[in-house]
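K.L.:
pasting the structure only:
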């Protein structure tokens, strides 16, 4: 390892102190949650506390986070506590994603989404879509990442007036910073800067230190791509300090890597190696496989012309991390889950279309059912006024036709279900029904015609001609 300049040693000591302070703070939070868990009186409370404890461990012990989330999930399923299931699926996915198990993370996030949809919990649906989008960016599918995150943003905006809590503001902050990063990866810098600046302003307004490291890092990336090198490195250093103070080891790793990339072309290259080494250390501490891959690759390339043994060691580390992240089987599993979710979304869309069609048919049947008695009443009213008897007869026949055709329309789906849509059996069933309905129709028509035409009304009779001759007196 190359000797460190004095200013780097001083910086390292400062960072180590901040890291230790954040670790102590995190431990105090964990101790408090464990105490609450021990004294929890209901299973529902216990499940939610297990999820919170899993989240507290997620930044530096994702394996412990996964274990706690699974414990909560098992209990939630046992008592059918759907809200607890959704929260535990979220924590499970985040732990698996950090450990590089992308298929497992995708499965957990999709289960979170399904459970939230069962509950019609719009806020949780939004969170699940954010997580799915974040997973897509880990797979370098930035367009899919943007699509899911924009869906989440639409869901959250729809309920903004009802749920303006701190959790809502924090989630909205994550949406803004993620969309900004995805646009950066698609080289749409103006859009990226717009969303990241909005994320920064919101984070400052709600005092959100947890996500500030990510926002500052993204602003550094954007400024570096614009060519503003000095501003970029300033943002990176601010990001590293903020990430250390909040214990966000994954963000810290990424920031160290960005600084290492920044110094890669510098001469001498000491700073690049220094920050790549720090990135590898924080990535291993957080079990952040992607960070291990990137940092060990930089170190392997650097030592390839200086120390063959070290270069080989780092190369083995990078190869193991790459195999863990991007094995063919894992990629296939993620794709299969993606296709399954797309199929599920299509089914939901088809179901909504079917339900809309059924509602339309129901309204039409209701309108017909309302029309028939109204038409019958109109016929009765017409029978009370002076109108030609043939019109009354025609309306009586029409009323009965409406009634019987409506009855046929109603029973048709039942006949289809009973006969399993077999044409021959349907034909025989309707013939039998016609055998009953035709005589009934005939008798009912005669009865109705008699009832309507027997009412007192003006009927046109043929009048005999009256003789104008005077009578002849009998002689």
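P.N.:
Yep, it's here. Computed from a prediction, not measured in an experiment: that's the story for all the values here.
K.L.:
next up, the contacts around residue 310.
P.N.:
299, 303 (CB atoms under 8 Å, 6 or more residues apart in numbering). (Each C-beta comes from the backbone N, C-alpha and C, glycine too.)
K.L.:
name the SS class of it, please.
P.N.:
helix (DSSP: H, G, I helix; E, B strand; the rest coil).
K.L.:
one more: residue 68?
P.N.:
Going by three-state DSSP: residue 68 is helix.
K.L.:
any idea how far residue 82 is from residue 101?
P.N.:
Between residue 82 and residue 101 the computed distance is 24 Å (CB to CB, to the nearest Å).
K.L.:
I'd say residue 239 and residue 255 touch.
P.N.:
Yes: contact status for residue 239 versus residue 255: in contact at 4.5 Å, counting by CB atoms under 8 Å.
K.L.:
what touches both of the two?
P.N.:
213, 217, 220.
K.L.:
for the nearest residue to residue 210 once chain neighbours are set aside, what are its contacts?
P.N.:
Counting by CB to CB, 6 or more residues apart in numbering, the nearest residue to residue 210 once its immediate chain neighbours are dropped is residue 246, at 5.4 Å. Contacts for residue 246 were tallied using CB under 8 Å, 6+ apart; they are 22, 209, 210, 212, 213.
K.L.:
ok, so of the residues you listed, who is nearest residue 106?
P.N.:
Closest approach between these and residue 106, by CB to CB: residue 210, at 24.0 Å.
K.L.:
tell me, how many residues neighbour the closest one?
P.N.:
Close neighbours of residue 210, defined as other CB atoms under 10 Å, add up to 18.
K.L.:
which of the three states applies to it?
P.N.:
coil.
K.L.:
return the residues in contact with it.
P.N.:
170, 246, 248.
K.L.:
also residue 242?
P.N.:
Applying CB under 8 Å, 6+ apart, the residues near residue 242 are 209, 212, 213, 216.
K.L.:
could I get these as a markdown table with distance to residue 149 and pLDDT?
P.N.:
Below are these laid out as a markdown table (distance: CB to CB, whole Å; pLDDT from 0 to 100):
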| residue | distance to residue 149 | pLDDT |
| --- | --- | --- |
| 209 | 22 | 90 |
| 212 | 19 | 94 |
| 213 | 19 | 94 |
| 216 | 20 | 96 |
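K.L.:
how about low-confidence regions in the stretch 51-200 of the chain?
P.N.:
59-60, 161-164 (pLDDT under 70).
K.L.:
hmm, which of the contacts of residue 242 are the buried ones?
P.N.:
212, 213, 216 (16 or more other CB atoms under 10 Å).
K.L.:
which strand or helix spans the residue nearest to the first one when sequence neighbours are not counted?
P.N.:
Sequence neighbours aside, residue 242 is the residue nearest to residue 212 in space, at 4.8 Å (criterion: CB to CB, 6+ apart). Secondary structure from DSSP states H and E places residue 242 in helix 229-246.
K.L.:
contacts for whichever helix or strand comes after that helix?
P.N.:
Remark: after helix 229-246, the chain's next helix or strand is helix 249-262, criterion DSSP H and E. Contact with helix 249-262 is made by 59-60, 98, 213-214, 217, 220-221, 224, 229, 232-233, 236-237, 239-240, 243-244, 271-276, 278-279, 282-283, 285-286, 288, 291, 294-295, 298, as judged by CB under 8 Å, 6+ apart.
K.L.:
filter those down to just the buried residues.
P.N.:
59-60, 98, 213-214, 217, 220-221, 224, 232-233, 236, 239-240, 243-244, 271-276, 278-279, 282-283, 285-286, 288, 291, 294-295, 298.
K.L.:
among those residues, which ones are in helices?
P.N.:
98, 213-214, 217, 220-221, 224, 232-233, 236, 239-240, 243-244, 271-276, 278-279, 282-283, 285, 291, 294-295, 298 (DSSP state H).
K.L.:
re the thing from before, out of the contacts of residue 246, the closest to residue 139 would be?
P.N.:
residue 213 (22.8 Å).
K.L.:
and the closest one, how far from residue 258?
P.N.:
11 Å.
K.L.:
one more: residue 116?
P.N.:
Counting by CB to CB - residue 116 and residue 258 are separated by 34 Å.
K.L.:
for these two, work out which one has more neighbours and name it.
P.N.:
The neighbour comparison of residue 116 against residue 258 (other CB under 10 Å) goes to residue 116, with 26 against 22.
K.L.:
tell me the secondary structure at that one.
P.N.:
helix.
K.L.:
give me the pLDDT value at residue 441.
P.N.:
The model reports residue 441 with a pLDDT of 58.
K.L.:
and residue 52, helix, strand or coil?
P.N.:
helix.
K.L.:
quick one: residues contacting it.
P.N.:
Here residue 52 is in contact with residue 33 (CB under 8 Å, 6+ apart).
K.L.:
for it, give its distance to residue 220.
P.N.:
Taking CB to CB, one finds residue 52 at 31 Å from residue 220.
K.L.:
picking up where we left off before, from the buried ones among the contacts of residue 242, which is closest to residue 72?
P.N.:
Closest to residue 72, out of all of the buried ones among the contacts of residue 242 and judged by CB to CB, is residue 213, at 27.3 Å.
K.L.:
chain neighbours aside, what residue packs nearest to the closest one?
P.N.:
residue 243 (3.5 Å).
K.L.:
ok, now how distant is that neighbour from residue 192?
P.N.:
Taking CB to CB, one finds residue 243 at 20 Å from residue 192.
K.L.:
likewise residue 348?
P.N.:
With CB to CB as the criterion, residue 348 and residue 192 are 32 Å apart.
K.L.:
those two: which has the busier surroundings?
P.N.:
Just comparing residue 348 and residue 192: by other CB under 10 Å the higher neighbour count belongs to residue 192, 23 against 11.
K.L.:
wait, isn't the more buried one in contact with residue 183?
P.N.:
Yes: the criterion here is CB under 8 Å, and residue 192 meets it with residue 183 at 4.0 Å.
K.L.:
what secondary structure does residue 41 sit in?
P.N.:
With three-state DSSP as the basis, residue 41 sits in coil.
K.L.:
wait, which of the buried ones among the contacts of residue 242 is closest to residue 320?
P.N.:
residue 213 (27.3 Å).
K.L.:
who are the neighbours in contact with the closest one?
P.N.:
So residue 213 contacts 239, 240, 242, 243, 246, 248, 251, 252, 255 (CB under 8 Å, 6+ apart).
K.L.:
let's see 10 Å
P.N.:
238-246, 248, 250-252, 254-255 (CB atoms under 10 Å, 6 or more residues apart in numbering).
K.L.:
before we move on, what about residue 348?
P.N.:
With contact set as CB under 10 Å, 6+ apart, residue 348 has these partners: residue 117.
K.L.:
on that earlier part again, could I get the contacts of residue 210 as JSON lines with distance to residue 367?
P.N.:
Below are the contacts of residue 210 laid out as JSON lines (distance: CB to CB, whole Å):
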{"residue": "170", "distance to residue 367": "49"}
{"residue": "246", "distance to residue 367": "62"}
{"residue": "248", "distance to residue 367": "61"}
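K.L.:
name the next helix or strand following the helix or strand where residue 123 lies along the chain.
P.N.:
Assigned by DSSP H and E, residue 123 belongs to helix 122-138. Toward the C-terminal end, the helix or strand that comes next after helix 122-138 (DSSP H and E) is helix 142-158.
K.L.:
buried residues, whatever helix or strand comes next after that following helix. List them.
P.N.:
Beyond helix 142-158 in the direction of the C-terminus, DSSP H and E gives the next helix or strand as helix 166-185. For helix 166-185, a neighbour-count test (16+ other CB under 10 Å) marks 168-184 as buried.
K.L.:
all set, thanks.
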